[in-house]
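Trainee: Kindly return the folded structure for what I paste below:
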Amino acid sequence: MSDIPTHGLQIVSTLSPDGTLVIELANNPVPAPGPDEVLVRIEGAPINPSDLLTLMPEVDPAHARFEGSPDNLPRVIAKIPEAAAQARYGRFNEPLTVGLEGAGVVIAAGANARALMGKKVAALSLGRALYGQYRVFAAAECTLLPDDVSTQEGAALFTNPLTALAIAEAARIEGHKALIHTAAASNLGQMLVKICAEDNFPLINIVRRQEHVDLLKSIGATHVCNSSLPSFRDDLLQACKETGATIAFDAVGGGRTADHCLWAMEAAAISRMNFYSPYGSYEFTKCYSYGLLDPSPTEIHHMDYGVLWALERFLMPAILEKVGPERSAELRKRVLDNVKTTFKSDYVRHISLAEVLDRDVMIGYHRQATGEKYLINPTL
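Mentor: Numbers count the residues shown, from 1 in each chain. Sure thing, here's the model as predicted:
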């Protein structure tokens, strides 16, 4: 292991109690892998909304300060609101590495992991640190990429694909006949359209623009409701009547998006009743909230949803644990087998680690605009 680099560049985000956030490119020591570990040279790591929660919570890059560090590496300094800072007290003064998933090449391996030496692998780690040049993983954390799949193609095997599959899986195992998905023109949303079409599971998509309607229709979506139209609530209600949807998955998180879904599912349920009840229907409806695209409070009008309804948080790993290791392995295999089709991620731009901290680039990926996904390539 004499060829292991001693140091590697790494994106680090540190929050102070006064709300000062420092995002910097640090030159950190590279550890040697243990007996059951491998050292991976990272060649691709996507920027997902979940990564931005660690990288730059509540930050508007247009108002941040961009400068160089004492080591002449780029650094960004920003202030976040005091209330937002205090809500994150658990990370005060802790330099947090960033990046939940990615792919690369194994350049060193411990005694029990020699079979992976020189191989292309992808990995997901709640310990983060994929936004860096090198990362040590347990061999068991690594997914071997097929010869015809590049590290850039395999960089996003987990967060979006497995979340989309977990959404469909949760709807099925909880006994629902159809589902609603918001922010549906996203990379994840397009995967869900394809999954539901392949599995013949009715899906209602909620988007904000006509071009998003056209996009989803072009890949096979049947029900697409545009929330910017005056007819949105009527359109959503009609789609719920046609599909029988009784579960929704909300990627927006704030405002009235969850309320619209719960209301429409209840109104459709009432239309199926053959008697009047002052309490509303007795059909169980549910909305899972899994995104934070809108940080404002979630508006709930509980009298509009009938007797039996629920609003819960949704987390992909919890669903994978619920379905068990055998089914979880089947879902992972489905992703790997269809990485160039159903689960393909398209990127508007490949950027270096230094460019992550470039003002114009940061403003671009911070928008989280549909069709504008960024891939970090630490080898650039």
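Trainee: And the helix or strand of the chain with the lowest mean pLDDT, what's buried?
Mentor: For the chain, using mean pLDDT, DSSP states H and E, the weakest element among its helices and strands is helix 82-86, scoring a mean of 90. Buried residues in helix 82-86, counted by 16 or more other Cβ atoms under 10 Å: Ala85. Where C-beta positions appear, they are placed from N, C-alpha and C, glycine not excepted.
Trainee: Need the residues that contact it.
Mentor: For helix 82-86, the surrounding residues in contact (Cβ atoms under 8 Å, 6 or more residues apart in numbering) are 15-19, 57-58.
Trainee: Give me the three-state assignment for the residue sitting furthest away from the middle of the chain.
Mentor: What lies farthest from the middle of the chain is Phe275; by Cα atoms, centre = their mean that is 42.4 Å. Secondary structure state of Phe275, per DSSP: H, G, I helix; E, B strand; the rest coil, is coil.
Trainee: Quickly note the distance from it to Ser281.
Mentor: In this structure, Phe275 and Ser281 are 10 Å apart, going by Cβ to Cβ, to the nearest Å.
Trainee: centre of the chain versus the least confident helix or strand of the chain, how much separation?
Mentor: Relative to its chain's centre, helix 82-86 lies at 24 Å (Cα atoms, centre = their mean, to the nearest Å).
Trainee: before we move on, the earlier item: inside strands: which ones of the contacts of helix 82-86?
Mentor: Applying DSSP state E to the contacts of helix 82-86, the entries found in strands are Leu15.
Trainee: Glu198: which of the contacts of helix 82-86 is nearest?
Mentor: Pro57 (35.8 Å; Cβ to Cβ).
Trainee: distance of that closest one from Thr222?
Mentor: Counting by Cβ to Cβ - Pro57 and Thr222 are separated by 37 Å.
Trainee: more neighbours, those two?
Mentor: Pro57 (19 against 16; other Cβ atoms under 10 Å).
Trainee: who's in contact with that one?
Mentor: Per Cβ under 8 Å, 6+ apart, neighbours of Pro57: 15, 21, 80, 84, 88.
Trainee: What's the per-residue pLDDT of it here?
Mentor: On the pLDDT scale, Pro57 is placed at 92.
Trainee: tell me the secondary structure for Trp263?
Mentor: Assigned with three-state DSSP, Trp263 falls in the helix class.
Trainee: ok, and what's touching the helix ranked longest in the chain?
Mentor: Secondary structure assigned by DSSP state H gives helix 316-337 as the longest helix of the chain. Identification of contacts with helix 316-337 by Cβ under 8 Å, 6+ apart yields 143, 146, 157-159, 161-163, 165-166, 169-170, 173, 343.
Trainee: Can you tell me which of those lies closest to Val76?
Mentor: Nearest member of the contacts of helix 316-337 to Val76, counting by Cβ to Cβ, is Thr159, at 23.4 Å.
Trainee: Quick check: the closest one touching Ser50?
Mentor: Yes - assessed by Cβ atoms under 8 Å, Thr159 is found in contact with Ser50 at 6.4 Å.
Trainee: Need the residues touching each of these two.
Mentor: Contact criterion Cβ under 8 Å, 6+ apart; residues shared by Thr159 and Ser50: Leu100.
Trainee: So these two - more neighbours on which side?
Mentor: Neighbours per residue (other Cβ under 10 Å) separate Thr159 from Ser50, with Thr159 holding more: 20 against 17.
Trainee: which residues touch that one?
Mentor: With contacts defined as Cβ under 8 Å, 6+ apart, the neighbours of Thr159 are 46, 48, 50, 100-101, 124, 316.
Trainee: Only the buried subset of the residues you listed, as a PyMOL command please.
Mentor: Here is the PyMOL command that picks out the buried ones among the contacts of Thr159, judged by 16+ other Cβ under 10 Å:
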select buried, resi 46+48+50+100+101+124+316
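Trainee: Let me have the contacts of Thr159 in CSV, extended by pLDDT.
Mentor: Output for the contacts of Thr159, formatted as CSV (pLDDT from 0 to 100):
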residue, pLDDT
Pro46, 98
Asn48, 95
Ser50, 91
Leu100, 96
Glu101, 97
Leu124, 94
Met316, 94
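Trainee: want to throw the contacts of Thr159 into TSV with secondary structure and distance to Ser271?
Mentor: Below are the contacts of Thr159 laid out as TSV (DSSP: H, G, I helix; E, B strand; the rest coil; distance: Cβ to Cβ, whole Å):
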residue	secondary structure	distance to Ser271
Pro46	strand	42
Asn48	coil	38
Ser50	helix	37
Leu100	coil	42
Glu101	strand	43
Leu124	strand	42
Met316	helix	33
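Trainee: Check the secondary structure at Met191 for me.
Mentor: Classification of Met191 using three-state DSSP returns helix.
Trainee: Touching, it and Thr342? I think so.
Mentor: Yes - counting by Cβ under 8 Å, Thr342 is a contact partner of Met191 at 6.3 Å.
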